[in-house]
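Asker: pasting a predicted model and its sequence here:
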Amino acid sequence: MSTPSILIADDDRALRESLSEAIADLGCTTCTARNGNEAIAALSARPFDLLLSDVDMPDMTGFQLLSWVHAHQPEPQVVLMSARADASLIARARADGAITMLPKPVRITDISTLFAQLFPRIAFT
């Protein structure tokens with residue numbers, strides 16, 4: 001399997017950049033988007049293995065982006081992130097087709113554990 005490609009969509013620049021660096025350090029290829037529209041443009045331009053998206057963005061919600069992905073792309077798999085993550089919101093994310101929802105602040109250990117499950121043939125460092 002080739003190196004997993006991850007698209008990170010989040011309007012918080014510092015978080016987006018730190019996640020991108022941390023995920024790149026795990027051995028993945030990353031691309032970032034500042035909002036849902038940028039994420040759609042990136043997804044339309046090339047394939048990704050995983051979309052990691054914030055729920056609360058100014059132009060559209062992560063749920064709206066998830067809906068767009070399911071309507072237009074066979075991939076990527078989608079993981080949502082939110083500071084408001086609770087049992088109800090996580091259940092909604094899964095019901096809408098996301099793999100899961102990660103609570104913010106996102107811990108890199110949670111991401112590496114998730115990636116090990118999603119990409120079992122890759123050895124994450």
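Answerer: That came through, no problem. Numbers count the residues shown, from 1 in each chain.
Asker: in the protein, which spans are strands?
Answerer: 5-9, 29-33, 50-54, 77-82, 100-103 (DSSP state E).
Asker: partner strands of the fourth one, parallel or antiparallel?
Answerer: Meaning strand 77-82. strand 50-54 (parallel), strand 100-103 (parallel) (DSSP bridges).
Asker: need the longest helix for the protein.
Answerer: Looking across the chain with DSSP state H, the single longest helix is helix 13-25.
Asker: would you turn the strands of the chain into TSV with distance to S20 and mean neighbour count?
Answerer: In this view, the C-beta of every residue, glycine as well, is placed from N, C-alpha and C. As requested, those are exported to TSV (distance: least, Cβ to Cβ, whole Å; neighbours: other Cβ atoms under 10 Å):
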stretch	distance to S20	mean neighbour count
strand 5-9	6	23
strand 29-33	4	19
strand 50-54	10	26
strand 77-82	13	24
strand 100-103	15	18
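Asker: okay, those in CSV with mean pLDDT and distance to L19 next?
Answerer: CSV is the format used below for the strands of the chain (pLDDT from 0 to 100; distance: least, Cβ to Cβ, whole Å):
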stretch, mean pLDDT, distance to L19
strand 5-9, 97, 5
strand 29-33, 97, 8
strand 50-54, 98, 7
strand 77-82, 97, 9
strand 100-103, 95, 10
